[in-house]
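Chemist: my questions are about this predicted structure, shown below with the sequence.
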Amino acid sequence: MCGIIAAASNRNVGKLLVQGLHKMEYRGYDSAGIALHQLDKIAHLRTLGKVKLLEDKMIQEKPKSKLGIAHTRWATHGEPSEENAHPHKSNERVYIVHNGIIENYLELKDYLKKEGYSFTSQTDSELIAHLLDFYLNKDKTMIDSMYMTLDKLEGAYAIAAIDKEDNKNIVVARNKSPLLIGLGTDEFLAASDPLAISQLTNEFIFLEDGDVAQISADDYVIFDESKNPVDREITKIDISNQATSKGDYKHFMEKEIYEQPQAILNTIDGRVGGDDVLDNIFGLGSSELFEKVKRVQIVACGTSLHAGRVAANWFSAISELPTQIDYASEYRYRNPHVDENSLLVTISQSGETADTLAALRYAKEKEYISTLTICNVPTSSLARESDYSIFTNAGPEIGVASTKAFTTQLAALMLLALSLAKSRDKNPKLRTRVVTAMRSLSDTVQETLKLRDVILEIAPEIASKDNALFLGRGIFYPIAKEGALKLKEISYIHAEAYPAGELKHGPLALIDEDMPVIALAPESEIAEKLVSNLEEVKARGGTLYVFSDPSISMDLKAGRLINMPKCDFLLTPIIYTIPLQILSYEVALLRGTDIDQPRNLAKSVTVE
Ligand code: G6P
């Protein structure tokens, strides 16, 4: 992961680089650093911990510069420490920031050591600075040195480099890690994410794998992997300040939970008609393609994978299609057999998750009929490399724990289930029923948010425990998994999810008064069976917190029965997600954890 940013300007850039890092902290926040060109020297500041600490150091030292690079880190090679923080340097001349992983770093380190270079960090990144220095000393230009360095590197990288001998230019390179150029006024910038520089420009150029570019305050030039100058398209993106600030909320996660009614409207808007889903909403020709689809393969990670697990049920019930689902990190390694007319579906908030991207690239070599992505970032690598796509339009999600991205993914996946069913001429009445329910989904989510008062009463009971069990059946099992993931991510309480019927095959042994059990009990054909499973918990002294349809009655000795708003059964997974998000949030708040930036995690995982 990590976030990199670079600026060449006619004004001081220190502040804007640090502001950019703040906006990319979701990519990692264990250490940060900056290198600023000051004509006769380069100011080099690094701090262990969040960007705020680097900012404090900058306020003290006030370094002035019109050209610089900066970095916020999520450790891969080497512990979080000041020595391992970027920028890395070579011979007080070359300074670099890197996002990605250099796979052949041991071999290259040995080579450079033999050439007389010594290493001050445990990272795989430092060698990039040394390689650049090595070639610069052979009278090569920085661009030539960059190409020669890239020739040696295996792995993924976005790099920005500066040279003490050149106070005008920054050279950047990209391979399999996101990197873009921002076209500012009297300045050019580079960053891992448009968010980082959205206050400075709305014009971006997304570099392609193999590209090397040079930016200065007045100009930029891009070369492709064969070193030919290329023109890359300029994309306009407007990211409002409101979308990237907390407003009156305490945390981004809280804000993003409350944004869900509008976010869901944005996902559905313009994509459903009176009684059916509209044609070709996944791209021109998608409706025709869907007629031929016989099987679906989903790959995703984390929360996005949970959305996929719910959708697999919908593809079966609504589109009558068999669906296979894999962790993106596992998919390539099981030698997957691809049936004729299988559609590959990737799901990702960021569109940059390395495992998901690698799975897509692998799948493109296989016999899939086509590839399609459900994604929140239209300019992302997944969006650009997939044949078809739909954007969830949730707006930037900053909190590391995914909330609105998940519920909007579910809404988009439901649109996919409906579109596949429509093209395949399946279940017209059911489609009309679901489309009608989708139109009031946002209102039902709004109503569900009112459960916060009840949840505030339960939260202290969960916050005082070290473990929790989440139960759901059928389409609610993935929601139970998502609830458990949310709780462990931000409150550090150990939480597991089970399909309720599996309890008796082992996990029941864990039940005692210290194991809160959170159960999802909507009205369904297996509601009675679920209630029996919950009775088993009750009989063993477990404390139950049951989110249920008002028609379900249970006499709880301890715990709480919470009535959920009514909604079409197929859409209820979206509704039942909401109280679990609020519960995790309130529990984490009570435990005093860092909710938006939980320990050891990052939002966008761009390493495999
Ligand atoms: C990280 C995030 C999760 C997210 C997962 C997949 O682990 O912390 O919240 O679900 O990556 O990310 P994606 O952007 O592909 O949905």
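Modeler: Okay, I see it. Numbers count the residues shown, from 1 in each chain.
Chemist: switch to C-alpha atoms for all contacts and neighbour counts from now on
Modeler: Fine.
Chemist: show me what contacts residue 545?
Modeler: By CA atoms under 8 Å, 6 or more residues apart in numbering, the contact set of residue 545 is 516, 517, 518, 519, 559, 560, 561, 562.
Chemist: and those, which is closest to residue 322?
Modeler: Residue 322 lies nearest to residue 519 out of the contacts of residue 545, by CA to CA, at 27.8 Å.
Chemist: buried ones in stretch 126-144?
Modeler: Buried residues in stretch 126-144, defined by neighbour count with 16 or more other CA atoms under 10 Å: 126-136, 142-144.
Chemist: about what we covered before: so which of the contacts of residue 545 sit within helices?
Modeler: If you go by DSSP state H, those have nothing in helices.
Chemist: and these, which is closest to residue 528?
Modeler: Once CA to CA is applied, the member of these that ends up nearest residue 528 is residue 519, at 13.4 Å.
Chemist: around the closest one, how many other residues sit close by?
Modeler: 27 (other CA atoms under 10 Å).
Chemist: tell me how far it lies from residue 477.
Modeler: Using CA to CA, to the nearest Å, one gets 10 Å for the distance from residue 519 to residue 477.
Chemist: ok, residue 208 next?
Modeler: As judged by CA to CA, residue 208 and residue 477 stand 39 Å apart.
Chemist: can you give me the offset of stretch 399-407 from its chain's centre?
Modeler: 9 Å (CA atoms, centre = their mean, to the nearest Å).
Chemist: ignore what I typed, I meant stretch 496-504.
Modeler: Centroid displacement of stretch 496-504 relative to its chain, using CA atoms, centre = their mean, is 28 Å.
Chemist: which residues sit against that stretch?
Modeler: With CA under 8 Å, 6+ apart as the test, stretch 496-504 has contacts from 468-474, 477, 480-481, 484-485, 530, 533-534.
Chemist: residues of the stretch 201-350 of the chain that sit close to the ligand?
Modeler: Neighbours of the ligand within the stretch 201-350 of the chain, by CA under 6 Å from any ligand atom: 301, 302, 303, 304, 348, 349, 350.
Chemist: again, only this time at 8 Å
Modeler: Residues of the stretch 201-350 of the chain lying close to the ligand by CA under 8 Å from any ligand atom are 300, 301, 302, 303, 304, 305, 347, 348, 349, 350.
Chemist: now the chain
Modeler: Within the chain, the positions near the ligand by CA under 8 Å from any ligand atom are 300-305, 347-353, 356, 375, 400-402, 405, 601-605.
Chemist: now residue 2: closest residue in space that isn't a chain neighbour?
Modeler: Using CA to CA, 6 or more residues apart in numbering and skipping residues adjacent in sequence, the residue nearest residue 2 is residue 73, 4.5 Å away.
Chemist: ramachandran coordinates for that neighbour?
Modeler: With angles defined as degrees, to the nearest 10, residue 73 sits at phi -110, psi 150.
Chemist: got it, and the one 3 residues further on?
Modeler: With angles defined as degrees, to the nearest 10, residue 76 shows backbone torsions of phi -120, psi -60.
Chemist: residue contacts, it?
Modeler: 101, 123.
Chemist: pLDDT score for it?
Modeler: Note for residue 76: predicted pLDDT of 82.
Chemist: separation between residue 578 and the ligand?
Modeler: Plainly put, residue 578 is 16 Å away from the ligand if you go by CA to the nearest ligand atom, to the nearest Å.
Chemist: okay, buried residues for stretch 90-107 please.
Modeler: Neighbour-count burial for stretch 90-107, counted by 16+ other CA under 10 Å, picks out 90, 93, 94, 95, 96, 97, 98, 99, 100, 101, 102, 105.
Chemist: tell me where the stretch 301-450 of the chain has strands.
Modeler: Assigned strands in the stretch 301-450 of the chain, in chain order: 323-327, 342-348, 370-375, 388-391 (criterion: DSSP state E, counting those that start in this stretch).
Chemist: where does the chain have low pLDDT?
Modeler: 1, 526-527 (pLDDT under 70).
Chemist: now with 80?
Modeler: Along the chain, segments meeting pLDDT under 80 span 1, 239-244, 524-533, 552-558, 604-608.
Chemist: not counting sequence-adjacent ones, nearest residue to residue 293?
Modeler: Excluding the flanking residues, the one nearest residue 293 by CA to CA, 6+ apart is residue 341, at 5.1 Å.
Chemist: next, the contact list for that neighbour, please.
Modeler: By CA under 8 Å, 6+ apart, the contact list for residue 341 reads 292, 293, 294, 295, 368, 369.
Chemist: with residue 212 instead?
Modeler: Going by CA under 8 Å, 6+ apart, residue 212 touches 143, 146, 147, 171, 172, 173, 174, 222, 223, 224, 225, 227.
Chemist: give me the contacts around stretch 366-378.
Modeler: With contact meaning CA under 8 Å, 6+ apart, stretch 366-378 is reached by 282, 293, 338-351, 360, 364, 382-384, 386-395, 405, 409, 412-413.
Chemist: ugh, typo on my part, it should be stretch 236-243
Modeler: 195, 198, 199, 202, 203, 204, 395, 396.
Chemist: ok, now stretch 16-27?
Modeler: Stretch 16-27 is contacted from outside by 1-7, 50-52, 54-55, 68-74, 193, 195-197, 244, 398-400, 597, 602-605, using CA under 8 Å, 6+ apart.
Chemist: tell me which residues touch residue 418, please.
Modeler: By CA under 8 Å, 6+ apart, the contact set of residue 418 is 276, 277, 318, 319, 431.
Chemist: show me which residues of stretch 51-69 are buried.
Modeler: For stretch 51-69, by 16+ other CA under 10 Å, it's 51-55, 58, 63-69.
Chemist: convert it to PDB, retaining C-alpha atoms only.
Modeler: Extracted C-alpha coordinates of stretch 51-69, given in PDB (Å, rounded to 0.1, in the frame of the first residue of the first chain):
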ATOM      1  CA  VAL A  51       1.200  12.100   9.300                       C
ATOM      2  CA  LYS A  52       0.200  14.600  12.100                       C
ATOM      3  CA  LEU A  53       3.700  14.000  13.700                       C
ATOM      4  CA  LEU A  54       5.400  14.800  10.400                       C
ATOM      5  CA  GLU A  55       3.200  17.900  10.200                       C
ATOM      6  CA  ASP A  56       4.300  19.000  13.700                       C
ATOM      7  CA  LYS A  57       7.900  18.500  12.700                       C
ATOM      8  CA  MET A  58       7.400  20.600   9.600                       C
ATOM      9  CA  ILE A  59       5.800  23.400  11.700                       C
ATOM     10  CA  GLN A  60       8.900  23.400  13.900                       C
ATOM     11  CA  GLU A  61      11.400  23.300  11.200                       C
ATOM     12  CA  LYS A  62       9.600  25.300   8.500                       C
ATOM     13  CA  PRO A  63      11.600  23.900   5.500                       C
ATOM     14  CA  LYS A  64      11.000  26.000   2.300                       C
ATOM     15  CA  SER A  65      11.000  24.300  -1.100                       C
ATOM     16  CA  LYS A  66       9.300  24.400  -4.500                       C
ATOM     17  CA  LEU A  67      10.000  20.700  -5.300                       C
ATOM     18  CA  GLY A  68       9.400  17.700  -3.100                       C
ATOM     19  CA  ILE A  69       8.200  14.200  -2.600                       C
END
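Chemist: next up, phi/psi of whatever residue of the stretch 1-150 of the chain ends up closest to the ligand, please.
Modeler: Taking CA to the nearest ligand atom, the ligand has its nearest neighbour within the stretch 1-150 of the chain at residue 26, 8.8 Å off. Reported as degrees, to the nearest 10, the phi and psi values for residue 26 are phi -60, psi -20.
Chemist: three-state assignment of residue 16?
Modeler: Following DSSP: H, G, I helix; E, B strand; the rest coil, the label given to residue 16 is helix.
Chemist: from the contacts of stretch 496-504, which land in helices?
Modeler: 477, 480, 481, 484, 485, 530, 533, 534.
Chemist: returning to that earlier point: for residue 593, state which of the buried residues of stretch 126-144 is nearest.
Modeler: Nearest to residue 593 out of the buried residues of stretch 126-144 is residue 126 (CA to CA; 32.6 Å).
Chemist: show me what contacts the closest residue to residue 229 other than its chain neighbours?
Modeler: Excluding the flanking residues, the one nearest residue 229 by CA to CA, 6+ apart is residue 223, at 4.2 Å. Residue 223 makes contact with 211, 212, 213, 229, 230 under the criterion CA under 8 Å, 6+ apart.
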